[in-house]
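Asker: coordinates only, sequence not included:
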């Protein structure tokens, strides 16, 4: 196993163990940005949040739908 394989496994383990906390951080960040922009970019923030959660879900190699 190479360096990148080890790193990928560590990321997958971290996401598997702390995915709920990471997802909560994504939601809090999205809410903060939406509030600061006055809702002007809500649709784009929502799309970005969904993509970030999908990426998070795929990082651990499982489709366990953290949402």
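Answerer: On my side now, so go ahead. What you see is a predicted model, and the numbers here were worked out from it, not measured in a lab.

Asker: how much space separates the residue nearest to residue 59 when sequence neighbours are not counted from residue 42?
Answerer: Nearest non-adjacent residue to residue 59, counting by Cβ to Cβ, 6 or more residues apart in numbering: residue 15, 4.6 Å away. Quick note: C-beta positions are derived from backbone N, CA and C, even for glycine. Residue 15 sits 27 Å away from residue 42, going by Cβ to Cβ, to the nearest Å.

Asker: who has more neighbours out of those two?
Answerer: Neighbours per residue (other Cβ atoms under 10 Å) separate residue 15 from residue 42, with residue 15 holding more: 21 against 13.

Asker: is residue 26 within a helix or a strand, and which one?
Answerer: Here residue 26 sits within helix 3-36, counting by DSSP states H and E.

Asker: show me what that helix is packed up against.
Answerer: helix 42-59 (3 or more Cβ pairs under 8 Å, 6 or more residues apart in numbering; DSSP states H and E).

Asker: residue ranges with poor pLDDT in the chain?
Answerer: In the predicted model of the chain, residues 1, 60-67 satisfy pLDDT under 70.

Asker: about what we covered before: surely the residue nearest to residue 59 and residue 9 touch.
Answerer: No - checked against Cβ atoms under 8 Å, the pair residue 15 and residue 9 is beyond contact range at 10.8 Å.

Asker: count of neighbours near residue 19?
Answerer: Neighbour count for residue 19, taken as other Cβ under 10 Å: 18.

Asker: measure it to residue 3 for me?
Answerer: From residue 19 over to residue 3 (counting by Cβ to Cβ), the distance is 24 Å.

Asker: just want the angle from the helix holding residue 26 to helix 42-59.
Answerer: Helix 3-36 and helix 42-59 are oriented at 160 degrees to each other (axes from the mean of the first three to the mean of the last three Cα atoms, to 10 degrees).
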